[in-house]
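> Below are the sequence and a predicted model for it; my questions follow.
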Amino acid sequence: MQMKLDKSEKIDSENKKVGLALSGGGYRASFFHLGVLANLAEKDLLRNISVISTVSGGSIVGALYFLKLREKVIENGQLRHLDYIQIVQAVEEDLAAGVSKNIRSKVFLHPLNELRAVFQSREKILAQLYQKYFYKSDLMMHELKVSGLPKLIINATFLRNGGHWYFSQDDMGQYMDNKIVNSKGSISYLKNPVYLKDAIAASSAVPGLFNYVRVNIDSVSHKLVDGGAFDNLGLFSLQNESCDFFILSDGSRQLTEEEFIPRKRLSVLKRSYDASLELNKKMMLESCSDYIHIHLKESHANVDLHVSEALSKLRTDLNNFLPQERNSLSFFAYLLTDDVSCHIIVNTELKGDFTFKESGNVSLMQTPTDKFRRGLRSGRKLNHVSGKGFIQALSEAKYFIVTFLLIFLASFWYALLATSGIIPDNDPVINSYFQALLIIISVVSVYLMFLTSMDDYIHHVDMVIAKLIHLILSLFYLLAIGTAAAIVIGLVIILLTGRFT
């Protein structure tokens, strides 16, 4: 744990305005923050948090915690120590359930979502999936406001001026800063309502994987992306909220030297993006005092060094995390947060029953088996095998794949219809139409592949083509499903009638 304190004596959090920052870093950061929240709940320090600032993966778990806290306050009013522990226990359960749904695959590879992507952006689909699998409610930001709750700040980046953008239960907008061109200031939700799910989607719209989230303000479209592009820690908002003391939960990893960088656009973009995040974080920390920095890159005496290193290299993705991955991340963060009591006054402590503290996982983190270590190490490889690299490879090859399969499906249906007598066999007119169809499919595919190699074509043309591609893929999915159904039905009929050749 790193810290920068103006005074040597312990901090009395009851008499300070304490801010808690939950950094970006995908689901890896989400599970890391869960361990921090659990430890703070056991030490009864969560009740003294005045502001929660979240980014990307931190926004996913931060919003979930806030909703559980809001529900408990509405139900019980003044909360007990045990209530905070039970809230984080509920967060642990719901976070694991939501992550198991593999949202990233549903956004990019689900046939029905391909069809929906013709009519709405993938960022909107992402927001709807967040709402469906994590939050189970369609609340708007202004509806989060309840007396007795900390201020929740969900951070994004405003593309127009490259500055910070925040959503809170009070308002949204930009903090006035003379270093940012044309800072917008605060904007009321009265005429510009925003859903919680859209704020979280904006906070986690990673450049290169997603485009941007649109927020309409007075009929003007504002384009927002991942909050980490400006400040991946979430510290900027806490400073502008005039917090006296900062607890920084950092699920990002320190940038290390890598000899091999894959020659792929997303790999290069991600590496450049990580370098920018690292520089921004160092600059933010240098401008700050009175903070405790709980960082994933650290080591702990009760965790094997190979395990802690593997955890810091786990993928930052929105796909499913295995139980050993999520439990290890949370328990590691839980252990690192123990040192908070050396710098903050803790009056009482009550242990909670968390899944990540199960003895089997704890002992494996201390004395890992080869199988356990290999499992954690493979968690990094998934980032390349089935993560963004796979999506990029699929995206780059989709024209060829769709062309080949459309030709195959067209040939299959032509042969099936001709064999069944629905269309005449060896009819020259029909044959010429069929050949023309195959030629058109091939020409359109080559044309689209040619267009994708050009970097300077107009943005609006690109958007139209993208929508057409979504439509083609959607029709292909439907045709493929129909073909599979026809084959199955045909086989069933053959089996029932006993007509084997």
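Received it, and whenever you're ready, just let me know what you need.
> In contact with the closest residue to Leu22 other than its chain neighbours: list those residues for me.
Leaving aside its chain neighbours, Leu22 sits nearest to Gly58 (3.1 Å; criterion: Cβ to Cβ, 6 or more residues apart in numbering). Where C-beta positions appear, they are placed from N, C-alpha and C, glycine not excepted. Counting by Cβ atoms under 8 Å, 6 or more residues apart in numbering, Gly58 touches 21-25, 29-30, 33, 234, 249, 251.
> which ones among those residues are found in helices?
Those of those mapping onto helices are 29-30, 33, per DSSP state H.
> hmm, back to that, with pLDDT added, can I get the contacts of Gly58 in TSV?
Below are these laid out as TSV (pLDDT from 0 to 100):
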residue	pLDDT
Ala21	98
Leu22	98
Ser23	96
Gly24	94
Gly25	91
Ala29	96
Ser30	97
His33	98
Gly234	95
Ser249	97
Gly251	93
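> nearest to Leu40, of the residues you listed?
Closest approach to Leu40 among these (Cβ to Cβ): Ser249, at 9.2 Å.
> Test my guess that the closest one contacts Leu34.
No - contact criterion Cβ atoms under 8 Å: Ser249 and Leu34 do not qualify, at 9.6 Å.
> Common neighbours of these two, please.
Contact criterion Cβ under 8 Å, 6+ apart; residues shared by Ser249 and Leu34: Ala333.
> where exactly do the helices run in the stretch 301-450 of the chain?
For the stretch 301-450 of the chain, the helices defined by DSSP state H, counting those that start in this stretch occupy 305-312, 323-337, 359-366, 370-382, 388-419, 428-452.
> Show residues contacting the fourth one.
Contacting residues not belonging to helix 370-382 are listed as 306-307, 310-311, 313-315, 317, 319, 321-322, 324-325, 328, 364, 368 [Cβ under 8 Å, 6+ apart].
> Where does pLDDT dip in the stretch 401-501 of the chain?
401-405, 425, 445-471, 498-501 (pLDDT under 70).
> care to break the chain down by domain?
Listed domain ranges for the chain are 2-7+17-139+244-368, 395-497 (source: automatic domain parsing).
> And the nearest residue to Phe210 once chain neighbours are set aside, how far from Phe158?
Distances taken as Cβ to Cβ, 6+ apart place Glu123 nearest to Phe210, at 5.4 Å, with adjacent residues excluded. Using Cβ to Cβ, to the nearest Å, we find Glu123 at a distance of 15 Å from Phe158.
> Mind checking which of the two has more residues around it?
When Glu123 and Phe158 are compared for neighbours, Phe158 comes out ahead with 25 against 21, by other Cβ atoms under 10 Å.
> check contacts around the more buried one.
Phe158 neighbours (Cβ under 8 Å, 6+ apart): 164-165, 174, 184, 222-224.
> likewise Ile187?
Going by Cβ under 8 Å, 6+ apart, Ile187 touches 171-173, 217.
> export the residues you listed to a markdown table and tack on distance to Leu335?
Output for the contacts of Ile187, formatted as a markdown table (distance: Cβ to Cβ, whole Å):
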| residue | distance to Leu335 |
| --- | --- |
| Asp171 | 38 |
| Met172 | 36 |
| Gly173 | 38 |
| Ile217 | 44 |
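> ok, of those residues, which come out buried?
The neighbour count (16 or more other Cβ atoms under 10 Å) marks 171-173 as buried among those.
> neighbours around Thr497, how many?
A total of 8 residues lie near Thr497 under the criterion other Cβ under 10 Å.
> so what secondary structure elements neighbour the helix or strand containing Lys281?
Using DSSP states H and E, Lys281 falls within helix 265-286. Judged by 3 or more Cβ pairs under 8 Å, 6 or more residues apart in numbering; DSSP states H and E, helix 265-286 is in contact with helix 228-231, helix 235-240, helix 388-419.
> switch to 6 Å and redo it
On a contact count with 3 or more Cβ pairs under 6 Å, 6 or more residues apart in numbering; DSSP states H and E, helix 265-286 meets no helix or strand.
> mind saving the C-alpha coords of that helix as PDB?
Taking C-alpha atoms only, helix 265-286 is exported to PDB below (Å, rounded to 0.1, in the frame of the first residue of the first chain):
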ATOM      1  CA  ARG A 265      -4.600  -2.400 -34.600                       C
ATOM      2  CA  LEU A 266      -6.300  -3.100 -31.300                       C
ATOM      3  CA  SER A 267      -3.100  -4.400 -29.700                       C
ATOM      4  CA  VAL A 268      -1.200  -1.300 -30.700                       C
ATOM      5  CA  LEU A 269      -4.100   0.900 -29.700                       C
ATOM      6  CA  LYS A 270      -4.400  -0.800 -26.300                       C
ATOM      7  CA  ARG A 271      -0.700  -0.500 -25.600                       C
ATOM      8  CA  SER A 272      -0.800   3.300 -26.500                       C
ATOM      9  CA  TYR A 273      -3.900   3.700 -24.400                       C
ATOM     10  CA  ASP A 274      -2.300   2.000 -21.400                       C
ATOM     11  CA  ALA A 275       0.800   4.200 -21.700                       C
ATOM     12  CA  SER A 276      -1.500   7.300 -21.700                       C
ATOM     13  CA  LEU A 277      -3.300   6.000 -18.600                       C
ATOM     14  CA  GLU A 278      -0.100   5.400 -16.700                       C
ATOM     15  CA  LEU A 279       1.200   8.900 -17.400                       C
ATOM     16  CA  ASN A 280      -2.100  10.500 -16.400                       C
ATOM     17  CA  LYS A 281      -2.200   8.500 -13.200                       C
ATOM     18  CA  LYS A 282       1.300   9.600 -12.200                       C
ATOM     19  CA  MET A 283       0.400  13.200 -12.800                       C
ATOM     20  CA  MET A 284      -2.800  12.900 -10.800                       C
ATOM     21  CA  LEU A 285      -1.000  11.400  -7.800                       C
ATOM     22  CA  GLU A 286       1.700  14.000  -7.900                       C
END
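> any idea how far stretch 64-72 is from the chain center?
Chain-centre distance of stretch 64-72: 20 Å, with Cα atoms, centre = their mean, to the nearest Å.
> start at 169 instead
All set: I'll call the first residue 169, so the last point we hit is now stretch 232-240.
> Going by neighbour count, list what's buried in that stretch.
Here stretch 232-240 shows 232-238, 240 as buried, counting by 16+ other Cβ under 10 Å.
> can you check stretch 387-407 too?
Across stretch 387-407, burial judged by 16+ other Cβ under 10 Å covers 390-407.
> quick one: contacts of it?
With contact meaning Cβ atoms under 6 Å, 6 or more residues apart in numbering, stretch 387-407 is reached by 187, 189, 191-192, 219, 221-224, 321, 323-325, 327, 332-334, 370-371, 373-375, 380-383, 414, 416, 420, 445, 449, 452.
> Please verify my assumption that Leu188 contacts Ser218.
No - using Cβ atoms under 6 Å, Leu188 is not in contact with Ser218; the gap is 8.7 Å.
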